[in-house]
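J.: I would like to see how this sequence folds:
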Amino acid sequence: MNAIELSVFASRMASICDEMGAVLKCAAFSPNIKDRLDFSCALFDADGLLSAQAAHIPVHLGSMAYAMADIVSAVEWCEGDMLVVNDPYLGGTHLPDVTVIAPVFCAGRLVGFAANRAHHANIGAASPGSMPISRHLEEEGEIIPPTPLVVKGVPVEAVLARLCGTDPKATHTIQARGDFAAQISACRVGVERLQAQVSALGIAPYSAALTALNNYAERLARAALAEIPAGRYCYTDYMDDDGLGQRDIAITVSITVTGDAVNVDFTGTAEQVPGNINCPLSVAAAASFYVLRCLMPEQTPACAGTFRPIAISAPEGSLVNARRPAAVAAGNVETSTRMVDVMLGALAAALPERIPAASTGSMNNIAMGANATTGSERWDYYETNGGGMGAGQRGGGWSGVQTHMTNTLNTPIESLEKHYPVRVTRYQLRPGSGGAGQRAGGDGLLREYEFLAPAQVTLLTERRRYAPWGLAGGQAGECGENRLNGELLPGKIALHVTAGDRLTLASAGGGGWGKPQR
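T.: I've put the predicted structure just below:
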């Protein structure tokens, strides 16, 4: 293929993923998907290797890219079928992130897969929002092994009933069925568009084009990685706690650069902990892919070839390569974010002019809702909150944004208040919370919720004890904090609130870069 043909092919593949995402967003029922955009879409080849993806959620996409081959190789695929899966130890992230996979056939031959992953606020945990302070995976909700969701084009009602409930008037059932219908629809669009692409080219030319795309991506990736000075770069940072009493939990990385290849090794990281900040190796891979992808040219295709020069390892049984049935609900959101900081800290020694200071370092998760224990009709809600971005040599950090492993939006206040008995009484930046420096870090956010009815709430937050560090003499960002009616709360806690209670989440600012100018 010449350069123009290759560029057009890459754009067509990515546009299929974009269209899948548009369908999923517009057809979904829950605020998590239609407002926060907590979903991702991608295409894979017949062996389960990444072919294209949209610019959605890094932790979703990197973990799918790492583990999809193992999932698809274990299944006998038929045209018109779809599988649903959320098992973190089979390439998932955490149980609320549910993946739907559809095979793509052309002229009777398997040519690839369309897949999407979306966050469901109720996946069966006893705790509303399905993000509990848990000790075991089973406490976090329904574990879905690869299960037929659609057979010969027809949704499997028994599976939907199990995952969504059977009360047609219940809010959860309505939202869950709508969200699964949206995921199925997005996969159908992906299948149709990829079939049209393959049919237009022919199966053999399509396969050759995909090979050319992967080889091109590998060349770009290797050229970018070769710009990192050869050597071994190490760094350690610490998680605040696991929510169950264990504190100061180390994440250590050694990044070895040899020519145009990189080895990322998490040896030295703490062993898995009782709380739910553990994560499977697929999440560690997602964080590693994300950081190194940020060093590559913007036009680098998002496909398997991009990641060929990258090797990832971590001791089994460690925080970032946990053994089943370790709890992982917060590993996907909090530990993945800290792994990014750790890798950036290591690479700062190699590329000081390109690496920014630490960002807010937490997705600042809040899950809330009601069930039988509160005497109300069940409702479930979950959202993440942004914070300050770390500054770099080229500019100061942005304020009040989602950073690194999350690419979601905030839920609009109007949507939150329309759907649930909650009022947002304050939503603002935290002036001065970004670290001072020649380039100042971005400021964190403050979001205050007033509850209009009793509810259960779970907070999973980080950077409440360890501040986001600065670089090149820049100062650290201010730590975040959580308060209920003015009283300071731990970073990770489950609690009951009553009508009139006010909960305030204040996220950390980003670290500054360079010595402050007087």
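J.: surely Lys418 is within a strand?
T.: No. Counting by DSSP: H, G, I helix; E, B strand; the rest coil, one finds Lys418 to be helix, located in no strand.
J.: quick check: pLDDT value at it.
T.: You'll see Lys418 listed with a pLDDT of 93.
J.: run a quick neighbour tally on it.
T.: Lys418 sits with 9 neighbouring residues when counted by other CB atoms under 10 Å. Backbone N, C-alpha and C define where each C-beta goes, glycine included.
J.: do the same with Ser318
T.: Ser318, neighbours per other CB under 10 Å, totals 23.
J.: so which residues of the stretch 1-150 of the chain form strands?
T.: Under the criterion DSSP state E, counting those that start in this stretch, the stretch 1-150 of the chain contains strands at 39-45, 50-53, 82-85, 97-106, 109-119, 147-151.
J.: can you give me the angle the helix or strand bottoming out on mean pLDDT in the chain makes with strand 109-119?
T.: For the chain, using mean pLDDT, DSSP states H and E, the weakest element among its helices and strands is helix 58-73, scoring a mean of 79. Relative orientation of helix 58-73 versus strand 109-119 (axes from the mean of the first three to the mean of the last three CA atoms, to 10 degrees): 140 degrees.
J.: so where do the strands sit in the stretch 351-500 of the chain?
T.: Here the stretch 351-500 of the chain has its strands, by DSSP E, counting those that start in this stretch, at 365-370, 379-383, 422-429, 445-451, 455-460, 481-484, 487-489, 492-497.
J.: which other helices and strands does the first one contact?
T.: Right, the one you point to is strand 365-370. Applying 3 or more CB pairs under 8 Å, 6 or more residues apart in numbering; DSSP states H and E, we find strand 365-370 packed against strand 379-383, strand 455-460.
J.: the same query, at a cut-off of 10 Å, please.
T.: Under the contact criterion of 3 or more CB pairs under 10 Å, 6 or more residues apart in numbering; DSSP states H and E, strand 365-370 touches strand 379-383, strand 445-451, strand 455-460, strand 492-497, strand 502-506.
J.: the third one too?
T.: Taking 3+ CB pairs under 10 Å, 6+ apart as the contact definition, the neighbouring helices and strands of strand 422-429 are helix 413-419, strand 445-451, strand 502-506.
J.: now swap in the fifth one and tell me
T.: Contacts defined by 3+ CB pairs under 10 Å, 6+ apart place strand 455-460 against strand 365-370, strand 379-383, strand 445-451, strand 481-484, strand 492-497, strand 502-506.
J.: change it to 7 Å
T.: Contacts defined by 3 or more CB pairs under 7 Å, 6 or more residues apart in numbering; DSSP states H and E place strand 455-460 against strand 365-370, strand 492-497.
J.: out of those, nearest to Gly48?
T.: Between Gly48 and the helices and strands packed on strand 455-460, the tightest spacing by CB to CB is seen for strand 365-370, at 29.9 Å.
J.: what pairs with that closest one, and is each one parallel or antiparallel?
T.: strand 379-383 (antiparallel), strand 455-460 (antiparallel) (DSSP bridges).
J.: stretch 391-405: which residues count as buried?
T.: Within stretch 391-405, the residues scored as buried using 16 or more other CB atoms under 10 Å are 391-392, 396-405.
J.: an error on my part: the question was meant for stretch 355-373.
T.: 355-371.
J.: what mean pLDDT does it get?
T.: For stretch 355-373, the mean per-residue pLDDT is 92.
J.: for that stretch, the distance to its chain's centre please.
T.: 12 Å (CA atoms, centre = their mean, to the nearest Å).
J.: what's the answer for stretch 507-515, then?
T.: Mean C-alpha position of stretch 507-515 versus that of the full chain (CA atoms, centre = their mean) differs by 23 Å.
J.: again with stretch 288-298
T.: 16 Å.
J.: quick one on the thing from earlier: TSV for the buried residues of stretch 391-405, including distance to Asp97 and pLDDT?
T.: Shown next, in TSV, are the buried residues of stretch 391-405 (distance: CB to CB, whole Å; pLDDT from 0 to 100):
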residue	distance to Asp97	pLDDT
Ala391	31	98
Gly392	30	97
Gly396	33	94
Gly397	28	96
Trp398	26	96
Ser399	28	97
Gly400	25	96
Val401	22	95
Gln402	16	92
Thr403	19	93
His404	17	92
Met405	12	89
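J.: which of these lies closest to Phe451?
T.: Of all the buried residues of stretch 391-405, Phe451 sits closest to Gly400, with 23.4 Å by CB to CB.
J.: which ones are touching that closest one?
T.: For Gly400, the contacting residues are 386, 429, 443, 445, by CB atoms under 7 Å, 6 or more residues apart in numbering.
J.: columns pLDDT, distance to Trp379 and neighbour count on top of these, output as JSON lines?
T.: Listed next are the contacts of Gly400 as JSON lines, based on pLDDT from 0 to 100; distance: CB to CB, whole Å; neighbours: other CB atoms under 10 Å:
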{"residue": "Gly386", "pLDDT": "95", "distance to Trp379": "24", "neighbour count": "25"}
{"residue": "Leu429", "pLDDT": "98", "distance to Trp379": "29", "neighbour count": "18"}
{"residue": "Asp443", "pLDDT": "98", "distance to Trp379": "32", "neighbour count": "27"}
{"residue": "Leu445", "pLDDT": "97", "distance to Trp379": "24", "neighbour count": "26"}
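J.: closest one of the residues you listed to Gly275?
T.: Relative to Gly275, the closest of those is Gly386; by CB to CB it sits at 23.8 Å.
J.: the closest one reaches Trp398, doesn't it?
T.: No. Contact criterion CB atoms under 7 Å: Gly386 and Trp398 do not qualify, at 9.1 Å.
J.: and the most centrally placed residue in the chain, what does it touch?
T.: Relative to the mean C-alpha position of the chain, the nearest C-alpha, by CA atoms, centre = their mean, is the one of Val59, at 3.3 Å. If you count contacts by CB under 7 Å, 6+ apart, Val59 has them with 93, 283, 286, 332, 336, 405.
J.: apply 8 Å and report the result again.
T.: 93, 283, 286-287, 290, 332-333, 336, 405-406 (CB atoms under 8 Å, 6 or more residues apart in numbering).
J.: burial measure for the residue lying closest to His119 once chain neighbours are set aside, as a count.
T.: In this structure, His119 finds its nearest non-sequential neighbour in Asp38, 4.0 Å apart by CB to CB, 6 or more residues apart in numbering. Residues lying near Asp38 (other CB under 10 Å) number 29.
J.: distance of Asp38 relative to Ser415?
T.: To Ser415, Asp38 is 13 Å away according to CB to CB, to the nearest Å.
J.: and for Ala161?
T.: 28 Å.
J.: what do you get for Pro421?
T.: Distance, Pro421 to Ser415, by CB to CB: 14 Å.
J.: same check on Leu194?
T.: Separation of Leu194 from Ser415 (CB to CB): 32 Å.
J.: also Ser30?
T.: For Ser30, the distance to Ser415 equals 10 Å [CB to CB].
J.: so where's this protein shaky on pLDDT?
T.: Along the chain, the model assigns pLDDT under 70 to residues 61, 372-375.
J.: quick one, helices of it?
T.: 3-27, 31-34, 58-73, 157-164, 171-201, 203-225, 281-293, 336-347, 413-419 (DSSP state H).
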